[in-house]
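Visitor: Sharing a model prediction with you, sequence too.
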Amino acid sequence: MCGIAGLIYRDGTHEIGRDLTRMLQSMKHRGPDSTGYALYGPRGHRILMRYTLADANTPRDFEFADRLRRHQAQVLDRLRGLGATVHDVEAETEYAYRIELELPAANGGEPDLKAIADRLEDIPDCEVLSLGHSLEIVKDLGDAETVSDQYELKGFTGTHAIGHVRMATESDVDISGAHPYWAYPFSDVAVVHNGQLTNYFQWKRRLERSGHRFQSECDSEIIAVYLAEKMSDGASLEDAMRDSLEELDGVFTYIAVTDDALGVAKDEMAAKPLVLYESDDVVALASEEIAIRAVLDREIETYDPYESEVLVWQR
């Protein structure tokens with residue numbers, strides 16, 4: 001069943017981690033298996049990277065701790081070998097890490113995020129969850145309160161965020177299958193999704209031929225990379241999302257975010273639920289109205305976007 005939510009403040013930074021946790025926890029009944037966040041803090045000159053070196057349910061055998069230490073040492077060695085200056089290495093859990101980096105510019109003046117992600121994911125069990133100037137993806141097993149407490153997200157301040165609660169129906173209960181998905185290898189783009197793409201394999205093969213790789217078998221990851229590739233060719237987020245309604249088949253509602261925008265798209269059937277509230281200072285949207293009421297202490301009137309509708313808000 002799953003549940004999705006998004007929140008964008010137009011009047012500056014707020015306690016976005018706390019607010020999104022309230023929204024997601026109110027929809028725990030839609031997906032108790034895992035919870036994920038894509039959070040946007042203030043943009044800085046450093047690159048923020050979140051990654052894992054094991055899954056939450058990886059067996060804790062007698063070699064587990066030593067293996068993690070070896071792999072973490074490899075991560076740092078490879079980053080420095082790519083010319084990165086490493087700052088503020090944090091072990092968020094025994095298997096999940098956050099690092100701030102300064103990276104040399106590649107062609108076009110931007111760091112080569114693809115080279116970094118590909119090089120690190122050659123390390124056994126390493127999975128890069130996000131790379132960007134403001135995007136931080138956090139996801140793990142359990143409900144929103146559990147994940148938020150584990151990663152201390154309630155103190156996270158930022159401008160906008162999306163999240164997902166997952167009920168595993170076609171894949172394992174693990175971090176790789178949890179949403180959101182970073183749009184590898186593009187900076188600061190992420191997606192959450194409720195539904196199913198029926199031309200998933202067609203688009204996966206097409207994007208792989210363009211040089212992309214995928215961390216999972218989840219169709220939501222296809223949407224993220226599809227949108228980012230369109231934007232890298234000059235399309236706006238809104239235009240890329242409108243194209244997706246023509247080119248991606250299935251029954252779906254998805255929320256996409258960049259470093260300065262949040263958008264929602266519904267397919268022509270509009271079978272997957274989503275309601276939204278919009279005011280001068282905030283836009284909140286979710287699979288159920290209860291999630292919006294969990295975070296906005298005011299009288300609200302929500303509405304349901306129409307079929308084949310795309311809406312985008314700038315912060």
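Guide: That came in fine, so what should we check first? Numbers count the residues shown, from 1 in each chain.
Visitor: can you give me the mean pLDDT across stretch 217-235?
Guide: Here stretch 217-235 scores 92 as its mean pLDDT.
Visitor: Ramachandran coordinates for the residue nearest to Val189 when sequence neighbours are not counted?
Guide: Of all residues not flanking Val189 in the chain, Ala183 sits nearest, at 3.8 Å (CB to CB, 6 or more residues apart in numbering). In this view, the C-beta of every residue, glycine as well, is placed from N, C-alpha and C. Backbone torsions of Ala183, given as degrees, to the nearest 10, read phi -80, psi 70.
Visitor: Please give me every residue in contact with Ala183.
Guide: Shown in contact with Ala183 (CB atoms under 8 Å, 6 or more residues apart in numbering): Val189, Ala190, Val191, Ala224, Val225, Leu227, Ala228.
Visitor: Same check on Leu274?
Guide: Leu274 is in contact with Ile4, Asn194, Thr253, Val264, Lys266, Leu285, Ala286, Ser287, Asp304, Pro305, counting by CB under 8 Å, 6+ apart.
Visitor: separation between the residue positioned nearest the centre of the chain and Asp88?
Guide: Nearest to the geometric centre of the chain sits Pro180, at 3.2 Å (CA atoms, centre = their mean). According to CB to CB, to the nearest Å, Pro180 stands 23 Å off from Asp88.
Visitor: quick one: the helices in the stretch 1-150 of the chain?
Guide: 16-25, 64-81, 113-120, 144-151 (DSSP state H, counting those that start in this stretch).
Visitor: Looking at the ones you listed, spot the one closest to Asp281.
Guide: helix 16-25 (12.8 Å; CB to CB).
Visitor: Can I get that closest one as CSV, trimmed to CA atoms?
Guide: Extracted in CSV, the C-alpha atoms of helix 16-25 (Å, rounded to 0.1, in the frame of the first residue of the first chain):
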residue,chain,number,x,y,z
ILE,A,16,11.7,19.9,8.7
GLY,A,17,12.9,16.6,10.2
ARG,A,18,10.4,16.9,13.1
ASP,A,19,7.6,17.9,10.8
LEU,A,20,8.1,15.1,8.2
THR,A,21,8.4,12.6,11.0
ARG,A,22,4.9,13.6,12.3
MET,A,23,3.5,13.3,8.8
LEU,A,24,5.0,9.8,8.1
GLN,A,25,4.2,8.5,11.6
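Visitor: who does it touch, helix- and strand-wise?
Guide: strand 3-9, strand 34-40, helix 144-151, strand 160-166, helix 289-293 (3 or more CB pairs under 8 Å, 6 or more residues apart in numbering; DSSP states H and E).
Visitor: Name the residues of the last one that come out as buried.
Guide: Right, helix 289-293. Of all the residues in helix 289-293, those buried under the rule 16 or more other CB atoms under 10 Å are Glu289, Ala291, Ile292, Arg293.
Visitor: Next: stretch 79-89.
Guide: Leu79, Leu82, Gly83, Ala84.
Visitor: Thought Arg22 was touching Arg286, still the case?
Guide: Check again: residue 286 is Ala, not Arg. No. Between Ala286 and Arg22 there is no contact under CB atoms under 8 Å: 10.8 Å.
Visitor: host element of the closest residue to His212 other than its chain neighbours?
Guide: Nearest residue to His212, sequence neighbours excluded (CB to CB, 6+ apart): Val225, at 5.3 Å. Element membership for Val225, per DSSP states H and E: helix 219-232.
Visitor: next structured bit after that helix?
Guide: Using DSSP H and E, the next helix or strand after helix 219-232 towards the C-terminus is helix 237-247.
Visitor: Which secondary structure elements does that next one sit against?
Guide: Using 3+ CB pairs under 8 Å, 6+ apart: helix 237-247 touches helix 219-232, strand 261-266, strand 310-314.
Visitor: So which of those is nearest Tyr200?
Guide: That would be helix 219-232 among the helices and strands packed on helix 237-247, by CB to CB, at 4.4 Å.
Visitor: For the closest one, what is the distance to the chain centroid?
Guide: 12 Å (CA atoms, centre = their mean, to the nearest Å).
Visitor: Tell me how far Met1 lies from Arg18.
Guide: 25 Å.
Visitor: can you check Glu299 too?
Guide: Taken as CB to CB, the span from Glu299 to Arg18 is 22 Å.
Visitor: So these two - more neighbours on which side?
Guide: More crowded of Glu299 and Arg18, by other CB atoms under 10 Å: Arg18, with 15 against 5.
Visitor: give me every residue that touches the more buried one.
Guide: Ser148, Leu153, Lys154, Gly155, Phe156.
Visitor: one more time with 10 Å
Guide: Shown in contact with Arg18 (CB atoms under 10 Å, 6 or more residues apart in numbering): Ser148, Leu153, Lys154, Gly155, Phe156, Thr157, Val295.
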